[in-house]
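S.K.: With the input below, show me the fold.
(one chain, ligands or ions: 1)
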Amino acid sequence: MKAVVYRRYGPPDVLHIEEVPKPEPADDEVLIKVHASAVNRLDMHVREAEASYGLGYQLVARLVLGVRGPRHPIAGSEFSGQVAAAGAAVHEFKPGDEVFGVTGLRFGANAEYVAVRARSRIALKPGNITFDEAAGIADGFLSASGCLRQAHLERGTTVLVYGASGSIGTAGVQLARHLGAHVIAVCQAKDFELARSLGAAELIDYTIEDFTKNGRQYDVIFDAVGKLSFSRSRNSLKSGGWYLPTDGARNLVLAATTRRFGDKRVAMGMGSTTPKQDLQWLKQLIEAGDYRPVIDRIYPMDQVVEAARYVETRQKVGNVVLKVS
Ligand SMILES: NC(=O)c1ccc[n+]([C@@H]2O[C@H](COP(=O)([O-])OP(=O)(O)OC[C@H]3O[C@@H](n4cnc5c(N)ncnc54)[C@H](OP(=O)(O)O)[C@@H]3O)[C@@H](O)[C@H]2O)c1
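M.R.: Residues are numbered from 1 along each chain as shown. Okay, here's the model as predicted:
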């Protein structure tokens, strides 16, 4: 089968198409014929072994991902497709089922076939969206749900989503609105219409206005793009408010200390703690018309280098899809 492979860490050019053996599903796995996959920020981070974060991060990343080169050389962590075969112990899925999901740190999704544990992050595809649309939605949603759940949103909670136009940001706006929050989206004016259509009640253009200086306070500040800090946001949080980052090891320390001291807390989202249920929830939301995929660009598989270069600009709006078949 054809797959996007990289044998060493580095820039997008390390990615290439290779002919590799088709995976054999184990007893507890399903083999998926991939229709579409995604190129996302996780792929970017692991392809360069977190080099842009400095030597310390890079060393830890290599211990996890493979010291000399990637332990899992097939790129990609999100997929949509059809079940081609199911292992003997799988009862949840059968051949022909249309599915979507995330392989996480096992990667392998930028390929014609991928084997996935049936009990892991895989669910039936929503019936009202295409394979292309389904390929890019899982990771952003699981990241957003993992973060927002920690702040226990209620009807009327004010949630400022910083970086509302990204993958996690577009998911965060929709999910917070669904949970009854009053959403303030921070993005560029070119994306105001999108953010409003996803459920933002107020909009702030970060190139014109610094929300930390507008004198207002919010119940929750969700940094969906890793550009803020707790110290910068603290005065914009109400007493008892939550700062929710998606990035940065320092936030792990802050999460531990603010739990014990002060009246404003940091909660570091490390992804959903109930990912399988959350994917089923996402399916229901989409089928109910209460959530929609946001796809920026779709590239054919043989243009994966161009797709990865675009993701590296950090300017994608929503998600970038890789069409496999
Ligand atoms: N460590 C990991 O493995 C991992 C994995 C996944 C995600 N993450 C983290 O999660 C965060 C979000 O990921 P993502 O995939 O959702 O990002 P993304 O989709 O790549 O975010 C791109 C969006 O961010 C907006 N943006 C860029 N700079 C901004 C700024 N200064 N203020 C406001 N918006 C800005 C861009 O809009 P404009 O073009 O208008 O600026 C663009 O629409 C990142 O911090 C990422 O590192 C980490």
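S.K.: Could you pull out the strands in the stretch 1-150 of the chain for me?
M.R.: Using DSSP state E, counting those that start in this stretch, the strands of the stretch 1-150 of the chain run over residues 2-5, 16-19, 29-39, 78-86, 98-102, 113-117, 122-124.
S.K.: Now tell me what touches the first one from outside.
M.R.: Contact partners of strand 2-5, identified using CB atoms under 8 Å, 6 or more residues apart in numbering, comprise 15-20, 73-76, 108, 110-112, 301, 304, 322. C-beta: built from backbone N, CA, C; applies to glycine.
S.K.: Same question for the last one.
M.R.: Outside strand 122-124, the residues within contact range by CB under 8 Å, 6+ apart are 30, 32, 93, 97-102, 116, 276, 279-280, 282-283.
S.K.: Drop anything exposed from those.
M.R.: 30, 32, 93, 97-102, 116, 276, 279, 282-283 (16 or more other CB atoms under 10 Å).
S.K.: Dump those residues to JSON lines, plus distance to the ligand and pLDDT.
M.R.: Formatted as JSON lines, those follow (distance: CB to the nearest ligand atom, whole Å; pLDDT from 0 to 100):
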{"residue": "Val30", "distance to the ligand": "25", "pLDDT": "98"}
{"residue": "Ile32", "distance to the ligand": "22", "pLDDT": "98"}
{"residue": "Phe93", "distance to the ligand": "26", "pLDDT": "98"}
{"residue": "Asp97", "distance to the ligand": "27", "pLDDT": "98"}
{"residue": "Glu98", "distance to the ligand": "25", "pLDDT": "98"}
{"residue": "Val99", "distance to the ligand": "22", "pLDDT": "98"}
{"residue": "Phe100", "distance to the ligand": "17", "pLDDT": "98"}
{"residue": "Gly101", "distance to the ligand": "16", "pLDDT": "98"}
{"residue": "Val102", "distance to the ligand": "11", "pLDDT": "97"}
{"residue": "Val116", "distance to the ligand": "19", "pLDDT": "98"}
{"residue": "Lys276", "distance to the ligand": "19", "pLDDT": "95"}
{"residue": "Leu279", "distance to the ligand": "17", "pLDDT": "98"}
{"residue": "Leu282", "distance to the ligand": "16", "pLDDT": "98"}
{"residue": "Lys283", "distance to the ligand": "21", "pLDDT": "98"}
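S.K.: what does the stretch 201-325 of the chain put close to the ligand?
M.R.: Tyr206, Ala224, Val225, Gly226, Lys227, Thr246, Asp247, Arg314, Gln315, Lys316, Val317 (CB under 6 Å from any ligand atom).
S.K.: Narrow the contacts of strand 2-5 to those that are buried.
M.R.: Buried among the contacts of strand 2-5 by 16+ other CB under 10 Å: 15, 20, 73-76, 108, 110-112, 301, 304, 322.
S.K.: Out of these, list just those in helices.
M.R.: Judged by DSSP state H, the subset of those located in helices is Val304.
S.K.: What distance do you get for the closest residue in space to Glu18 that isn't next to it in sequence to Val14?
M.R.: Distances taken as CB to CB, 6 or more residues apart in numbering place Val5 nearest to Glu18, at 4.2 Å, with adjacent residues excluded. To Val14, Val5 is 9 Å away according to CB to CB, to the nearest Å.
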